[in-house]
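Q: everything below, folded, please.
(one chain, ligands or ions: 2)
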Amino acid sequence: MTSEPIDLAAAVAAAMPDLVALRRDLHAHPEVAFQERRTAEIVAARLRAAGLAVQEGVAETGVVGLLEGGRTGPTVAIRADMDALPLQEAGRAPYRSQTPGVMHACGHDGHTAIAVTIAEILARHREALPGRLKFLFQPAEETVGGATRMIAEGVLETPHVDAVLGLHLRNYLPVGQIGVKTGTIFASADELTIAVHGRGGHGALPHDAVDPIVVAAHLITALQTLVSRETSPLEPAVVTIAMIQGGTAFNIIPERVEMRGTVRAFDPALRERLLARVAEQAKALARAFGAEAEVATRLGCPAVVNDAHMADLVRRAGGAELGADAVEEVAGTTWGDDMADFLALRPGCYFFVGSANPARGLDRAHHNPHFDFDEDALRVGARVLARAALDALANGAPPTA
Ligand SMILES: [Zn+2]
Ligand SMILES: [Zn+2]
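A: Ligands and ions are numbered 1, 2, ... in the order given. Okay, the predicted model is just below:
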C-alpha cells in the first residue's frame, strides 16, 4: 500500500504549457449550452489518448471518461462544465473568442482544461490508484440543466459514484488562494416571469384604462420587502427583477408589462417561501389596482451543499499543495451552479480557485465582456483538485446514503 506519493507539483508544472494552450484554444472557440461539440470532441480525443474509457453524447454534448485504477477502492467523480455564454468578448487577448457573440466569460474553459490535464496526469499513475476516477464533462451549466440530464442518463451509476469533486475559478479571490466552505456555498437559483395584465388605452385618459406600468412599478418596489422585511437579516436571500418590458409609445397605456428576475437563497425552506410570496404579492397587489398578475417560476438548481468530510479533505489537499495560508474560509456566494444536482445525490465538495490578479487587470467580474483570469490559477486548480481526488480514493470516500 505504500506507493510513492505522486509529485503533483512537478507533474502539473510540466503540463502547464499544454494546459494553458488547451485553455486558450477552448477560449478562442467557445460554445454555448448543449452546443459544445468541438469542445466535447477535443475532450473525448484527449481522454481516449490517455487510455480512459470514454462515453460521448451523454446529455447531448457531455463526455464521461473512466480511469480504472490498478487497485480496488471507491469511485470518485471530477466534474467540469464546458459551456460558454452568449456574450460578445470585449477583451483583446490573442486568444480572444473567434465566435461572434459567444464568450467564455465564466472560466469554464479553465475548468475543462484542468480536468483534462488531471485525467492525463493521473492516467500515467493508473496502477497506483486505489479505485476509479470518473471525469464528468458537463454541458449547459450556464442555462442550468446539463447536470440533471447527465444524472438522468446514469452518470452517477455503473460504476456507482461515491463522491463528487469540482472547482470554480473565482475572480473575487487572489490567484494562489483557494476558497472552501462546509455546507452551502452557492445559493439556489430560480427564474421568475411576472406578467401584469391591465387594460390599454390613451395616455391622455388613464381613468379609462388600467395602467400595468404603474402596477409594475409598485410591484417592483413591494417585492423588495420580501428580503428586507420578511427574511432574517442573517439569512442570505436575493430577489432581483432584472428585466422589464412594456409599452410602445409615449401616449399609449399598454395592455401588459412583463418582468423577469431571479430568486436566490441558501436555505431550501426559505427558497420555497420566497417563491410562494412573490406569487402571492404579485397577484394581490395587481388585484388591488384592478389588474391581474400571472407568475411563472422556472426552478433552476438547488443550493450547492458541501459535505463536511469532503470539504475538510479539500482543505487538507489545499494545505498540502499550497501551504495552509493559501486555504481561505469563504462565506459562499449567491451565484447558482448546477453542481448542486450532483451534490444533492452524493457527498462532495465544490470549491473556489482564486484567479484574480488586479495588477495585471485580471479581476473583472464573471459574465463581464472583459472577463479574463490569471492562468496560474490553472496550475493551482489542477494541483488541489488532483490531490483531493487522490486523497478521496486513498481515504475511502464517505459512504453514500
Ligand atoms: Zn457563469
Ligand atoms: Zn460558472
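
Q: how about the helices in the stretch 101-250 of the chain?
A: 108-123, 146-152, 212-228 (DSSP state H, counting those that start in this stretch).

Q: would you mind finding the most buried of the ones you listed?
A: When those are scored by mean count of other CB atoms under 10 Å, the highest mean neighbour count falls to helix 108-123 (a mean of 26). Any C-beta I mention is one placed from the backbone N, CA and C, and that applies to glycine too.

Q: need the helices of the stretch 101-250 of the chain in a markdown table (columns: mean pLDDT and distance to residue 254).
A: Converted to a markdown table, those look like this (pLDDT from 0 to 100; distance: least, CB to CB, whole Å):
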| stretch | mean pLDDT | distance to residue 254 |
| --- | --- | --- |
| helix 108-123 | 98 | 39 |
| helix 146-152 | 98 | 37 |
| helix 212-228 | 98 | 6 |
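
Q: quick one, which of those helices is nearest to residue 347?
A: Proximity to residue 347 (CB to CB) singles out helix 146-152 among the helices of the stretch 101-250 of the chain, at 15.1 Å.

Q: centre of the chain versus the closest one, how much separation?
A: Remark: helix 146-152 is offset 14 Å from the chain centroid, using CA atoms, centre = their mean, to the nearest Å.

Q: all numbers from here: first residue = 32
A: Sure thing, new numbering starts at 32, so read that last one as helix 177-183.

Q: other residues contacting it?
A: With contacts defined as CB atoms under 8 Å, 6 or more residues apart in numbering, helix 177-183 is touched by 64-65, 89-91, 93, 95, 110, 112, 114, 167, 169-172, 332, 369-373, 376.

Q: need the per-residue pLDDT for the closest residue to residue 273 other than its chain neighbours.
A: The shortest distance from residue 273 to any non-neighbouring residue, by CB to CB, 6 or more residues apart in numbering, is to residue 292 (5.1 Å). Among the per-residue scores, residue 292 holds a pLDDT of 97.

Q: ok, the one 5 residues further on next?
A: pLDDT for residue 297: 97.

Q: touching, it and residue 218? I think so.
A: Yes - the criterion here is CB atoms under 8 Å, and residue 297 meets it with residue 218 at 5.5 Å.

Q: those two: who's more crowded?
A: Neighbour comparison, residue 297 and residue 218: the larger count goes to residue 218, with 29 against 21 (by other CB atoms under 10 Å).

Q: so the more buried one touches residue 365, yeah?
A: Yes - using CB under 8 Å, residue 218 is in contact with residue 365, at 4.5 Å.
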